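*Asks:* no sequence on this one, just coordinates:
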């Protein structure tokens, strides 16, 4: 069963551009993850960004959560984010 992660990230005041750049730079790391099927970073507004990624199964999702990109986010989160990421685990019910 295909699964995913939907994560919303709120940047500290005035740090939205930095968060956007961090996510854009993270694309290569996500692309290198063999278990990550799709990875999308998006902007909601000047302070709110998000990531939606999909995986063929739970092993890929867990590998992503324990991977380099997640580790890098954890290392900068206290300085860059206004609070903890809002992370939802999802099951894919349909896709194109």
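*Replies:* It's in. Note that the structure is predicted; figures quoted are calculated from it, not measured.

*Asks:* who touches residue 44 in this structure?
*Replies:* By CB atoms under 8 Å, 6 or more residues apart in numbering, residue 44 lies in contact with 8, 50. Where you see a C-beta, it was placed from the backbone N, CA and C, and this is true even at glycine.

*Asks:* how far away is it from residue 61?
*Replies:* As judged by CB to CB, to the nearest Å, residue 44 and residue 61 stand 23 Å apart.

*Asks:* which strands border the helix or strand where residue 9 lies, and is each parallel or antiparallel?
*Replies:* In this assignment (DSSP states H and E), residue 9 forms part of strand 3-10. Partner strands and pairing direction for strand 3-10 (DSSP bridges) are strand 48-55 (antiparallel), strand 86-91 (antiparallel).

*Asks:* ok, residues contacting the first one?
*Replies:* When contacts are taken as CB under 8 Å, 6+ apart, the neighbours of strand 48-55 outside the stretch itself are 2-11, 16, 19-20, 23, 30, 35-44, 61, 64, 92, 95.

*Asks:* what's in contact with the following helix or strand past the strand holding residue 9?
*Replies:* Once strand 3-10 ends, the next helix or strand along the chain (criterion: DSSP H and E) is helix 16-25. The contact list for helix 16-25 (CB under 8 Å, 6+ apart) reads 9, 11, 41, 43, 46-49, 51, 72-73, 76, 80-81.
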